[in-house]
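Student: only geometry, no sequence info:
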């Protein structure tokens, strides 16, 4: 794929012995890097190529290049297999869930980080410990709770569960970002007669915008990809999110051999994340590395 | 801030209460009522809930599948910690300290699987392992190791180890970034001092890099353990559903089967309590073993 990327040493003036050694090191160190690049990209590229093949072709040469590009697999997945419905269900849950998480996490983060009330550390650790606890036990009662309040098999119910599930993580990240806002700004805002609400919405929120964006992207990617809660809390196929639709399509493909359609569906389902990642790549990796430093 | 006390309290309520209320209803209450359910025999309908005391816990002790699920979970924890930490550390060091021009390219590519859903990863890898169409068997044939081909996910012996590769594949990027964050924070001067003292690159790695990024290493290991114990059932559910013949059941997938396939909600809740206890004990033990004084620099 890109094995030919062996740079020539920049300093030919050095003794030949050291430059050969440096060259060798550079080649050797790149071997695992290039191998892992192939290991990551090959299955993904192959999945996209599979989406462009006929079933006969997948059977004949599953790992080869397609002879003709069959875009009808995408059309078939989109309309016949109802990926369109699932796509918009996922989009709804993702956007609503991300917004709701923010509405819940921002005020709480601000209160914990800045309005030093008694018990703010207790509250922080309450949310923090939820990040360590396996939630699978809670999903059984949650199932019946949602059933009782008529939110089972409902996208709104799922959105609510999603948002609450990401509140602890969001608070963890947002308090980190808010702690770096200078206190003086809030004080002068208060002196200027701004209410605490005004301070929160007009001073603190704009200043922690970069943290808010980071958290939102990570939450949105999580909601878009989530599978298990959707499996438990959604039942009718017209409510299915993409994860469920893919799972369903995969099980069907075992019998109908509609592999090309399945790969088209998989490809459609990762396109939005690829776009989001392409746009926010720097911010995501910055958020990850900085979050780790705080550790 | 100068403001009347009541106003401050109202503002605090506004900030804290809605979130706390929803968190209590959708997270805390379900956890405690899960504990409560574990004392009942219940198939899900409102009428037939029956108090059975500790009998589900006795059933748990005698269920031959339970020890297997625990072993499977720990197998995944150990193999993932080893696989991910070795590769992620190597990549993190290589991409920060070895002046590789195209390092940003690798960083972007290696993180890519982390943004893909477990369903897509699971389906993709199930196809890679597919005995007739998949890449693994075809690859073994191609290099003359045809006698080692397997129906990977259909083999009782190989199904569980086969789940490790996709998990490592999907996990590297995140932990690589976390470790890179630590390495970039290590003052360059320490390496210069080490170099002057005649330390080899290998010694620099063990004596400078590892101790200084120990918090990141520790956090990464803990994070892998927690996410594996709390979430390995998702990849299991997508790829094998616990089969063949329970060979890949982990605690969570067994709970799912008991609850939502066989409608033994009480017993499933008991398994949930067990998962909770095992996870918390494991995390505490690991906290103890990984504890090391923070190094000042």
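Tutor: Everything's here; your move. Small disclaimer: the values here were computed from a predicted structure and weren't measured. Numbers count the residues shown, from 1 in each chain, chains lettered A, B, ... in the order given.
Student: give me the number of residues near residue B:166?
Tutor: Other residues lying near residue B:166 total 22 when counted by other Cβ atoms under 10 Å in any protein chain shown. C-beta coordinates here come from the backbone N, C-alpha and C atoms, glycine included.
Student: how about the helices in the stretch 151-297 of chain B?
Tutor: B:159-184, B:188-196, B:201-204, B:210-212, B:214-239, B:251-256, B:265-290 (DSSP state H, counting those that start in this stretch).
Student: in a markdown table, list these along with mean pLDDT.
Tutor: A markdown table is the format used below for these (pLDDT from 0 to 100):
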| stretch | mean pLDDT |
| --- | --- |
| helix B:159-184 | 94 |
| helix B:188-196 | 87 |
| helix B:201-204 | 85 |
| helix B:210-212 | 89 |
| helix B:214-239 | 93 |
| helix B:251-256 | 96 |
| helix B:265-290 | 93 |
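Student: can you tell which of the ones you listed is closest to residue A:93?
Tutor: helix B:214-239 (17.2 Å; Cβ to Cβ).
Student: columns distance to residue A:224 on top of the helices of the stretch 151-297 of chain B, output as JSON lines?
Tutor: Conversion of the helices of the stretch 151-297 of chain B to JSON lines gives the following (distance: least, Cβ to Cβ, whole Å):
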{"stretch": "helix B:159-184", "distance to residue A:224": "15"}
{"stretch": "helix B:188-196", "distance to residue A:224": "39"}
{"stretch": "helix B:201-204", "distance to residue A:224": "41"}
{"stretch": "helix B:210-212", "distance to residue A:224": "36"}
{"stretch": "helix B:214-239", "distance to residue A:224": "15"}
{"stretch": "helix B:251-256", "distance to residue A:224": "22"}
{"stretch": "helix B:265-290", "distance to residue A:224": "26"}
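Student: highest mean neighbour count out of those?
Tutor: helix B:251-256 (a mean of 26; mean count of other Cβ atoms under 10 Å in any protein chain shown).
Student: check whether that helix contacts chain A.
Tutor: Yes. Using Cβ under 8 Å from any Cβ of the partner chain, helix B:251-256 reaches chain A at B:252, B:255, B:256.
Student: can you pull the contacts of the nearest residue to the second one once chain neighbours are set aside?
Tutor: Same thing as residue B:255. Excluding its sequence neighbours, the residue lying closest to residue B:255 (Cβ to Cβ, 6 or more residues apart in numbering or on different chains) is residue B:271, at 4.4 Å. Residues near residue B:271 by Cβ atoms under 8 Å, 6 or more residues apart in numbering or on different chains: B:60, B:66, B:251, B:254, B:255, B:258.
Student: between these, which is nearest chain A?
Tutor: Using Cβ to the nearest Cβ, residue B:255 comes nearest to chain A of the contacts of residue B:271, at 5.9 Å.
Student: wait, the closest one touches residue B:270, no?
Tutor: No. Using Cβ atoms under 8 Å, residue B:255 makes no contact with residue B:270, being 9.1 Å away.
Student: what touches both of the two?
Tutor: In contact with both residue B:255 and residue B:270: no residue, using Cβ under 8 Å, 6+ apart.
Student: list the buried residues in the helix or strand harbouring residue A:277.
Tutor: Assigned by DSSP states H and E, residue A:277 falls within helix A:259-294. Neighbour counts over helix A:259-294 (16 or more other Cβ atoms under 10 Å in any protein chain shown) mark A:259-270, A:272-273, A:276-277, A:280-281, A:284-285, A:287-292 as buried.
Student: so which of those residues are also by chain B?
Tutor: Counting by Cβ under 8 Å from any Cβ, the members of those near chain B are A:259, A:262, A:266, A:269-270, A:273, A:276-277, A:281, A:284-285, A:288-292.
Student: what is the most widely separated pair among those?
Tutor: Applying Cβ to Cβ across those, the maximum distance is between A:259 and A:290, 41.5 Å.
Student: closest one to residue B:52 among the helices of the stretch 151-297 of chain B?
Tutor: Using Cβ to Cβ, the nearest of the helices of the stretch 151-297 of chain B to residue B:52 is helix B:265-290, at 7.0 Å.
Student: and the residue nearest the centre of chain A?
Tutor: residue A:221 (2.3 Å; Cα atoms, centre = their mean).
Student: mind checking how far that one is from residue B:174?
Tutor: Using Cβ to Cβ, to the nearest Å, we find residue A:221 at a distance of 12 Å from residue B:174.
Student: tell me what the one helix or strand in chain A whose mean pLDDT sits lowest is packed against?
Tutor: Every helix and strand of chain A was ranked by mean pLDDT, DSSP states H and E. The lowest is helix A:55-60, at a mean of 81. Applying 3 or more Cβ pairs under 8 Å, 6 or more residues apart in numbering or on different chains; DSSP states H and E, one finds that helix A:55-60 makes contact with helix A:259-294.
Student: relative to helix B:214-239, how tilted is the helix it packs on?
Tutor: Helix A:259-294 runs at 160 degrees relative to helix B:214-239, counting by axes from the mean of the first three to the mean of the last three Cα atoms, to 10 degrees.
Student: many thanks, I have nothing further to ask.
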